[in-house]
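> any chance you can model this:
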Amino acid sequence: MIASRKSARVQSPRVVIPAGLERATQWSWRLLLIAAAITLGLFVVAQLSFLIIPLFIAVLLAALVAPVSVGLRKLRFPRWLATLTTIIVFLAAVGGLFYLVINEVIRGWESLQARTILAYDDFVQYLLDSPLQVTEAQLNEWVTALATEFNIDSSWVLSGALSVTSSVGSWLVGAGIAIFALIFFIHDGARIWEYVVSWFPKLARPAILGASRSGWNTLIEFVKVQILVAFVDALGIGLGAFFLGLPLVVPIAVAVFLGAFVPIVGGTVAAALAILVALVYEGPVTALIMLIIVLAVQQLEGQILQPLIMGPALRIHPLAVVLSIAAGGYLAGIAGVLFAVPVVAFTNVVIRYLAAGDWRGDPDALPTNENLVVR
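Numbers count the residues shown, from 1 in each chain. Down below sits the predicted model:
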């Protein structure tokens, strides 16, 4: 009986797995491991977003001030003096732009306040005289109902104030981290990165150094293009406000320029400022024209300038620019929109560099004592 079972077991037909299925299985578990690693990485980034986002902002700011650092190094400035001068110039430029906006708004605040009250009174009078036969009692009821609907009372105001205070505190902490990291990225970026690369196997270090520096050059190009896009936004909306005869043209243009660096929120707030000024000073028709100008400029920037200029500059297809912005916004909101294109561009350059083996004979693939920013 035992012998017959052994012979039956030996003579049973062997199961043959098709070659295609075997390859698909091998690829599947590898892809699953890659997906799991990416998911884990995204989870860690989400948990440490309070630290990761300021560091990413510091990297982009370091790319922004790279020309200043390069020029000072070429003039034989000591490293500490070049770093200090670069930071001072950067903070002075940003602070000057904010001062220009705030100062112009303060100077025209009384006129803006008076025109806002007048525009509101005209709107109320228009509703009272309109064929809708709206009465003042009905308007008061609507305002009361709106306040009740949104629970606008003292507790709402207090909770809102606490929320704003908490947000401002978080922003200040993030800004502090970003500026602190920016100083060290400018002053000692190369040695910091080379220390990180020293954790990798020795044979892999030249490829990592060369790829990272190639990606760094791409980030510099990204910042240059972003400045151009912001300038076009400010010029288009500023000229529109000027030809419509609006006041506060310079603050509007500067606000649009600064807001262009903060995706979605910054541009929307700056554009709303221009439309509000048009509505208060010139009426709904001019505000509608200003809205059309804003939409036209934003469509030009979003659909033409960013894909067609940023794509070739970063060596990625225009469709990849649009899709990366959409995916970044879906996954991480405003931060995702801000970092989507530079991350995709950096990753694309690094992969192409490594795949082509360009680190062989590349001087950028060798360790250096120079600052990474000046390369």
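> care to break the protein down by domain?
The chain breaks down into these domains under automatic domain parsing: 47-192, 200-364.
> compare the ones you listed and give me the one nearest Trp27.
Ranking the domains of the chain by proximity to Trp27 (C-beta to C-beta) places domain 200-364 first, at 18.5 Å. Where C-beta positions appear, they are placed from N, C-alpha and C, glycine not excepted.
> coming back round to it: a markdown table for the domains of the chain, including mean pLDDT?
Formatted as a markdown table, these follow (pLDDT from 0 to 100):
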| stretch | mean pLDDT |
| --- | --- |
| domain 47-192 | 75 |
| domain 200-364 | 80 |
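> now mean neighbour count and distance to Trp29 too, for these, in CSV please.
Output for the domains of the chain, formatted as CSV (neighbours: other C-beta atoms under 10 Å; distance: least, C-beta to C-beta, whole Å):
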stretch, mean neighbour count, distance to Trp29
domain 47-192, 14, 27
domain 200-364, 18, 22
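> which of those domains sits closest to Ile38?
Closest approach to Ile38 among these (C-beta to C-beta): domain 200-364, 11.3 Å.
> tell me how far that closest one lies from the chain's centre.
How far domain 200-364 lies from its chain's middle: 8 Å, per C-alpha atoms, centre = their mean, to the nearest Å.
> check stretch 65-83 too.
With C-alpha atoms, centre = their mean as the basis, stretch 65-83 stands 26 Å off its chain's centre.
> could you tell me the end-to-end distance of that stretch?
10 Å (C-alpha to C-alpha, to the nearest Å).
> still on that earlier bit, take the domains of the chain and write them to a markdown table, including distance to Ala37.
Formatted as a markdown table, these follow (distance: least, C-beta to C-beta, whole Å):
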| stretch | distance to Ala37 |
| --- | --- |
| domain 47-192 | 16 |
| domain 200-364 | 15 |
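> now for these, which one comes closest to Gln26?
Among the domains of the chain, the nearest to Gln26 by C-beta to C-beta is domain 200-364 (21.0 Å).
> circling back: relative to Pro18, which of the domains of the chain is closest?
The closest of the domains of the chain to Pro18 is domain 200-364. By C-beta to C-beta, the value is 30.3 Å.
> ok, which of the domains of the chain comes nearest Ile17?
Among the domains of the chain, domain 200-364 sits nearest to Ile17 (C-beta to C-beta), with 31.1 Å.
> among the domains of the chain, which is nearest Ala24?
Of all the domains of the chain, domain 200-364 sits nearest to Ala24, with 23.6 Å by C-beta to C-beta.
> tell me the centre residue of the protein?
Centroid-nearest residue in the chain, with C-alpha atoms, centre = their mean: Leu338, separated by 1.6 Å.
> what's the distance between that residue and Gly210?
Noted for Leu338: a distance of 27 Å to Gly210, by C-beta to C-beta, to the nearest Å.
> over to Leu61?
Here the distance between Leu61 and Gly210 works out to 24 Å (C-beta to C-beta).
> which residues of the stretch 251-375 of the chain fall in helices?
All helices of the stretch 251-375 of the chain, identified by DSSP state H, counting those that start in this stretch, fall at 265-282, 284-300, 311-314, 318-356.
> what is the first one packed up against?
Counting contacts by 3 or more C-beta pairs under 8 Å, 6 or more residues apart in numbering; DSSP states H and E, helix 265-282 is packed against helix 109-129, helix 205-243, helix 249-259, helix 284-300.
> these: which one's closest to Ala82?
Ala82 sits nearest to helix 205-243 of all those, at 16.9 Å, using C-beta to C-beta.
> thanks a lot, catch you later.
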